[in-house]
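Q: this is the structure alone, sequence omitted:
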């Protein structure tokens, strides 16, 4: 917070007791502002140390770790199954996807196969999660843009309907703890499937209304177009994934690249942006939601009957053979991966998460430089971070 | 003492306060404000003479004050723009240091 | 009647003197606002309503904002100006000069007999009359002032503008 | 303003009659004082209550816009289970604000920190003095009323600056800078949007402007300024500038919640915060009242046959409508960025307001045209409004617009 | 034209404003303490311990203190102490029982893994979500008396699941009975074979469980067999 305008001393570091001169932070050309960890729009306990020239950002340092919970170390001291509920708490807006990513890694490790019905259920739930996540993100983005909660509450209204479905299926709204190694925990009832299918059919009309309210809004266009550009080369170098990468025009979606689960059976397209600015990142979410609706409709049509668990799967006394596995999938925020190293004991020997939000956050400064404080908040909102995942 | 004399005393004292400020301070903004005060003192005179003068209906004093206010506003705008320009150059606004005609 | 005038005078002179003596520029700017408001009160007292409102609008509403803006934009400056012997001697000289002028003026005012009718009611000048005067006999002055203001505005913008290279991708 | 309304129904005259009756009770030398005191008390009482219910109306209306219920719990504390649709919420809020601890930051400029909320309320209340609330119902009849209004109104921004600066908080400081930039930018369009009315009516007096909009064509087309091309456009400009001037969304940059936490209000709590809140609504009400007076016919009834309803009721109805619109806009719109805000003012609103001034001059000059020339008059006037709007709007938009996207299928 | 997007937005909010008065799909608010939305059957909050008899909860706990849940609990919020002695449960079979069974609900995250891994269908998930307390050290640490809920309560919150559990238990008990019967028959045959020389009293039929209704039947010994993985397939 101190001494922004001062140049380094020409004499280098002087020995002897140094008198720390406390400068009034209100003087000087540059203003250092610590935005967060208690700030309305840092999406949790995230902090940006911002140096401002007027309102223009000349330096931005993201600071995180306020929500560090030792997730990976805890997982190494817990049974494989016991980590499943903890993965809910990584990206708490899309726990179904996170569950699946972890299950994917363990299934690879233990060589389990997943029955067809469970594969479809996983896709249904992952895409519903994508809807939940994107609809939340868009709502929060508009809050950062300065609406008085209206778009956020519309988004939450729809999210609530999906979350209610999760609750009816898994018993919890957000901490679903639904996927199991080799299948899913609960088989949905026909009524549940009918309700979900109805909701998905109604979803496009909500998106249309939402878009007519905001996408063409002149203030929205002025605030987001050309703001926070990210060029594809930079993005690839930094390992950015997910909608943020695709907004920069790079065609990389693990659903197509890896074709995990039954995604190759589905007919969907990957929207790509050309500008890589905040508006493109917003539109990526909207367009992905429309594609997700298509996937969901196809999944509800084709959902087969049958078991939902691999009969080989063991609930108690689960000890995979020694070995390692990396399971990854396209979570709503990007490439979410779990790396597991087994030594044959009930606990993983090494457990590592590749959190997409953390890696997407690394280029925040590049995107924000030269823009104003107001834009920094919006750019942060458009990256879509969840601090549970960033800090782990 | 007549009210006119009181007004004139107010005006002349205000003028002198502005003068002392403009001469004594080295901060350019304050010098500018001192000059503004002197202008205001003159305006007070105009109004006083319009009020107690022989022909208030003509309103010349009022009109003159209006013009003076307009000019003073223009002066303030340009003056403060100059202050900001000076600040950009020498990172302070001490009048004594603004002695170069070239940046 | 005179009591009100004296009160207003004390307000004006006091705030002006304190404003010029203070080291905190924001405080002095705000005190100047008080001083200008006092002058507006004087105009009201003298019956020049229109001028009083114009004074408030322009000085309190506009000039003060510009001054505050300038103070904030030159933020580093107000830590400067230490009370060194140089500035002290300048202050003394200024005080002498100001005092001298004040003495001469006060002497002249008090020494001049002014036989004006003090009891007369305040003359009224409606907005319409002022407008008529402005558009009639003083039309030329009005035009010139308009021109002056425009030129001053443009000049101020040009002087204060930053010569930063135009960023093409900046959202405009 | 001791003229009692001689015409009109009893309801129309009631406030004045009441006031004169009360004034009679005072000894003659104090009657002028009583007269003004009663006016002040009446304004404080009416608009204090109005403010209280505006807050609850805003919350309920915003709630409904957002598919929520809004506050609906606060009832009468001594009646168990009473809810009264939450209408007593503002009083509960007031009690809360009064009993909260008043926190002053250690580094704050104590005097200015204290003065700011007091001044902001005082200045925003002063603007009510020149609003004609009804026929002959104006607190102070001033010749230069509009000038007074803007003079008093522009001072509130100064108080906001004081609040922001005195808090010694960086967010507050940024807010103070924003408040200054905003007022410098929007004072001009606001006044320029009002000048056409002054030009056409030929007076700066608000009561005369309201009076000039009386009368109807065929008994149902009121002669309000908003029903002329220049008036409609001036009204739009006025609305935007008024939103900016009263720091309401989408121009609430000084207290931008998502960026500056609460801007100049960050370090205020308890009753001082409530005072700022009050001032914001007073300012909004006063500007709405001015808009009603200048463009929406003031206290005039919309139809001739509705004239039996007292004039002040019409004024209040229009005021409520304007405030409702402001709340609606707040519930919908996004916040502008500070550079976009100033650009909108200087590149769009000021030129348009100047063109509109010319338009109004044309309207005033051609007031004698009749018959088919009337259509020419309307046509030219509308063209003068729409053409520049489209041209300048295109420039302001800067080529931004919805985009089309490509898809990858593999 | 400039402003058309803003007008569209205003139209949408106006539509929502009107819709909030008549359209239940838009106005989704439930005024909570007075109105309550129905909890789905699968909803879970915190664990409970199923007992057979509400009158004697401690005597008829299904829990046999096997400590699997204690081991599997991810945040390790369960604490169990086994009894030294064996106590006959409702069926009369001597079993261990927990002398201490405590769950710290301030640590519990309600994941439901304990209920999933319990082989005795003894620990299940409750649906109580109004668990506010004024003291986090005493009131949130639930002991076995507070955790024990009768089977009828379990039926009231998870009817489908409870019926399945009861059916499974009944089947297991039936199987056990048949096994016992077969064993008894075998024994009887053996005895008969042995007793051909000396005809004696007829073989005793296996004793029926004291209560016949399935819902209040304790798990027969055979129910200890590992449960199939998918509970509701």
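A: Cool, the structure landed. None of the values given here were measured: they were computed from a predicted structure. Numbers count the residues shown, from 1 in each chain, chains lettered A, B, ... in the order given.

Q: for the rest of this, base every contact and every neighbour count on C-alpha atoms.
A: OK.

Q: need the residue closest to the centroid of chain E.
A: By CA atoms, centre = their mean, chain E has its centre lying nearest to residue E:124, at 3.2 Å.

Q: likewise for chain B?
A: Nearest to the mean C-alpha position of chain B, by CA atoms, centre = their mean, lies residue B:36 at 2.1 Å.

Q: thinking again about what came up before, so what's the residue nearest to the centre of chain E up against?
A: The contact partners of residue E:124, by CA atoms under 8 Å, 6 or more residues apart in numbering or on different chains, come to E:47, E:48, E:49, E:50, E:112, E:114, E:115.

Q: go on, residue A:75?
A: Applying CA under 8 Å, 6+ apart to residue A:75 gives the contacts A:82, A:83, A:347, A:348, A:351.

Q: what helix or strand does it sit in?
A: Element membership for residue A:75 (DSSP states H and E) is helix A:71-76.

Q: got the residues of chain B near chain A?
A: By CA under 8 Å from any CA of the partner chain, no part of chain B sits against chain A.

Q: of all the contacts of residue A:75, which comes closest to chain E?
A: Of all these, chain E sits closest to residue A:82, with 4.8 Å by CA to the nearest CA.

Q: nearest spatial neighbour of the residue nearest to the centre of chain B, chain-adjacent residues omitted?
A: residue B:72 (6.9 Å; CA to CA, 6 or more residues apart in numbering or on different chains).

Q: do residue A:106 as well
A: Excluding its sequence neighbours, the residue lying closest to residue A:106 (CA to CA, 6+ apart) is residue A:181, at 6.5 Å.

Q: pretty sure that neighbour sits against residue A:111.
A: No: here residue A:181 does not reach residue A:111: they are 9.8 Å apart, not a contact under CA atoms under 8 Å.

Q: look at the two and report which has more neighbours.
A: Legend: neighbour count by other CA atoms under 10 Å in any protein chain shown for residue A:181 and residue A:111, higher for residue A:181 (30 against 15).

Q: where in chain E is pLDDT low?
A: Applying pLDDT under 70 to chain E picks out residues E:1, E:88-93, E:195-233.

Q: can you say which helix or strand has the residue of the stretch 301-410 of chain D found nearest chain E in it?
A: Closest contact between the stretch 301-410 of chain D and chain E, by CA to the nearest CA, is at residue D:393 (5.4 Å). Residue D:393 is part of helix D:372-397, with elements assigned from DSSP H and E.

Q: helix or strand right after that helix?
A: strand D:406-408.

Q: name the helices or strands packed onto that following strand?
A: strand A:270-272 (3 or more CA pairs under 8 Å, 6 or more residues apart in numbering or on different chains; DSSP states H and E).

Q: the strand it packs on packs against which elements?
A: Applying 3+ CA pairs under 8 Å, 6+ apart, we find strand A:270-272 packed against helix A:243-247, helix A:278-302, strand D:406-408.

Q: which stretch in those has the least confidence?
A: For those, the weakest mean pLDDT is recorded on strand D:406-408, namely a mean of 85.

Q: that one pairs with which strands, and in what direction?
A: strand A:270-272 (antiparallel) (DSSP bridges).

Q: what does the partner strand rub up against?
A: Against strand A:270-272 from outside (CA under 8 Å, 6+ apart): A:246-251, A:253, A:284, A:287-288, A:291, D:405-410.

Q: tell me the mean pLDDT for stretch C:132-142?
A: 85.

Q: so is that stretch next to chain B?
A: Yes: counting by CA under 8 Å from any CA, chain B has neighbours in stretch C:132-142: C:134, C:142.

Q: write out the residues of the stretch 1-150 of chain D neighbouring chain A.
A: D:65, D:66, D:67.

Q: secondary structure and distance to chain B added to the residues you listed, as a markdown table?
A: Output for the residues of the stretch 1-150 of chain D next to chain A, formatted as a markdown table (DSSP: H, G, I helix; E, B strand; the rest coil; distance: CA to the nearest CA, whole Å):
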| residue | secondary structure | distance to chain B |
| --- | --- | --- |
| D:65 | helix | 44 |
| D:66 | coil | 45 |
| D:67 | coil | 49 |
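
Q: so which of the residues you listed reach chain E?
A: Applying CA under 8 Å from any CA, the subset of these adjacent to chain E comprises D:65, D:66, D:67.

Q: please look at the last one and residue E:25 and confirm they touch.
A: No: at 9.6 Å, residue D:67 and residue E:25 do not qualify as touching, with contact defined as CA under 8 Å.

Q: interface residues of the stretch 1-150 of chain A facing chain E?
A: A:78, A:79, A:82, A:83, A:85.

Q: kindly provide the distance from residue C:123 to residue C:47.
A: Using CA to CA, to the nearest Å, residue C:123 is found at 7 Å from residue C:47.

Q: what sits in contact with each of these two?
A: Counting by CA under 8 Å, 6+ apart, the contacts common to residue C:123 and residue C:47 are residue B:51.

Q: related to what we said a few turns ago, beyond the helix holding residue A:75, next helix or strand please.
A: Along the chain past helix A:71-76, the next helix or strand (assigned with DSSP H and E) turns out to be helix A:80-88.

Q: helices and strands around that next one, which ones?
A: Contacts defined by 3+ CA pairs under 8 Å, 6+ apart place helix A:80-88 against helix A:71-76, helix A:95-110.

Q: what number of residues are in the vicinity of residue A:257?
A: With other CA under 10 Å as criterion, residue A:257 counts 13.

Q: for it, phi and psi?
A: Per-residue torsions, residue A:257: phi -70, psi -50 (degrees, to the nearest 10).

Q: now it. Nearest residue, chain neighbours left out?
A: Nearest non-adjacent residue to residue A:257 (CA to CA, 6+ apart): residue D:410, at 8.0 Å.

Q: re earlier: could you look up the SS state of the nearest residue to the residue of the stretch 301-410 of chain D closest to chain E once chain neighbours are set aside?
A: Spatially, and ignoring its direct neighbours in sequence, residue D:393 is nearest to residue E:2 (5.4 Å; CA to CA, 6+ apart). Assigned state for residue E:2: coil (three-state reduction, DSSP: H, G, I helix; E, B strand; the rest coil).

Q: check contacts around residue E:2.
A: Contact analysis of residue E:2 by CA under 8 Å, 6+ apart lists A:218, D:390, D:393, D:394, D:397.

Q: and the gap between the second one and residue D:187?
A: Going from residue D:390 to residue D:187 by CA to CA gives 24 Å.

Q: quick one: low-confidence parts of chain A?
A: If you take pLDDT under 70 as the line, chain A has these spans: A:1-29.

Q: circling back: relative to chain C, which of the contacts of residue E:2 is nearest.
A: residue D:397 (8.1 Å).

Q: check what pLDDT that closest one gets.
A: The model's pLDDT for residue D:397 equals 76.

Q: number of nearby residues for it?
A: 17.

Q: now do the same contact list for it.
A: Residue D:397 is in contact with A:218, A:222, E:2, counting by CA under 8 Å, 6+ apart.

Q: returning to what we had before: list the buried residues in the helix holding residue A:75.
A: Judged by neighbour count (16 or more other CA atoms under 10 Å in any protein chain shown), helix A:71-76 contains these buried residues: A:71, A:72, A:74, A:75, A:76.

Q: and stretch A:323-343, by the same measure?
A: Neighbour-count burial for stretch A:323-343, counted by 16+ other CA under 10 Å, picks out A:324-343.

Q: which ones are touching residue A:103?
A: Per CA under 8 Å, 6+ apart, neighbours of residue A:103: A:179, A:180, A:181, A:182.

Q: can you count the residues close to the last one?
A: Taking other CA under 10 Å as the criterion, the count of residues near residue A:182 is 26.

Q: narrow the contacts of residue A:75 to just the buried residues.
A: Neighbour counting with 16+ other CA under 10 Å marks A:82, A:83, A:347, A:348, A:351 as buried within the contacts of residue A:75.
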